[in-house]
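Q: no sequence on hand, only this structure:
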């Protein structure tokens, strides 16, 4: 084999290895939903044992095609609570909905047709422990004591931290092509203000917004 052919062969192997590494990273960043992305409000899964504490119209923000605002037909924010730790609730929705952590062209709702849905985009924000103080009393609240409060109250996640909040967002289209925007939030509400105490509580908020079709006007 000539030196030129040898160089080309090595370059090909390097390219194959790089492509495989990129594929692995993409797979780690995305978790597929086992039964497809929900396209109706009734199909959005509910964590077992949730208690509904409220429902109100609106919420969730608007939706555009990049330049035009879709007309909002109706929107609902439904609020639930449970005493199950936030990490377990988030893990449930991750298993049910899957999700990507990085945006890409495929999450652009203008690229999907009727009866289709974009991939789910998921976010996860763990607690960040920093030394602080009670603004009213000046009481010091060391980062170590914050961590100790959560550590004594519940197990850490599989990533070794505690969830502050997380979310799952996607857009679907009905049979007419009109978009429906979904957002599921998981929020730890166990820590009382200024880390004064701990009482188990996780909030789940589900936003569903139905929009009309754009017109040429």
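A: Sure, I can see it. In this text the structure is predicted, and so the values were computed from the model without any measurement.

Q: all strands for this structure, in order.
A: Taking DSSP state E as the test, the strands found in the chain are 30-31, 51-57, 72-82, 99-100, 121-126, 132-133, 140-141, 163-173, 179-188, 202-211.

Q: I'd like the mean pLDDT over the last one, please.
A: In other words, strand 202-211. The average pLDDT for strand 202-211 rounds to 96.

Q: off-centre distance for it?
A: 12 Å (C-alpha atoms, centre = their mean, to the nearest Å).

Q: what of the second one?
A: Centre-to-centre, strand 51-57 and its host chain are 20 Å apart (C-alpha atoms, centre = their mean).

Q: next one: the third one
A: Offset of strand 72-82 from its chain centre (C-alpha atoms, centre = their mean): 16 Å.

Q: which strands and helices lie in contact with it?
A: If you count contacts as 3 or more C-beta pairs under 8 Å, 6 or more residues apart in numbering; DSSP states H and E, strand 72-82 packs onto strand 51-57, strand 202-211. Every C-beta, even on glycine, is put in place using the N, C-alpha and C of the backbone.

Q: average pLDDT for that strand, rounded please.
A: So the average pLDDT for strand 72-82 ends up being 96.

Q: same question, the second one
A: Here strand 51-57 scores 96 as its mean pLDDT.

Q: rewinding a little: need the winner for burial among the helices and strands packed on strand 72-82.
A: strand 202-211 (a mean of 21; mean count of other C-beta atoms under 10 Å).

Q: quick one: that strand to strand 179-188, angle?
A: Comparing the axes of strand 202-211 and strand 179-188 via axes from the mean of the first three to the mean of the last three C-alpha atoms, to 10 degrees yields an angle of 170 degrees.

Q: summarise which helices and strands strand 202-211 is packed against.
A: If you count contacts as 3+ C-beta pairs under 8 Å, 6+ apart, strand 202-211 packs onto strand 72-82, helix 86-97, strand 179-188.

Q: closest to residue 44 out of the ones you listed?
A: Each of the helices and strands packed on strand 202-211 has some distance to residue 44 by C-beta to C-beta; the shortest is strand 179-188, at 6.5 Å.

Q: that closest one packs against which elements?
A: If you count contacts as 3+ C-beta pairs under 8 Å, 6+ apart, strand 179-188 packs onto helix 86-97, strand 163-173, strand 202-211.

Q: I'd like the ones you listed as a markdown table, with distance to residue 150 appended.
A: Shown next, in a markdown table, are the helices and strands packed on strand 179-188 (distance: least, C-beta to C-beta, whole Å):
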| stretch | distance to residue 150 |
| --- | --- |
| helix 86-97 | 10 |
| strand 163-173 | 10 |
| strand 202-211 | 13 |
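
Q: nearest to residue 72, of the ones you listed?
A: Closest among these, using C-beta to C-beta: strand 202-211, at 5.8 Å.

Q: which outside residues touch the closest one?
A: 41, 44, 46-47, 50, 59-60, 63, 70-86, 89, 178-190 (C-beta atoms under 8 Å, 6 or more residues apart in numbering).
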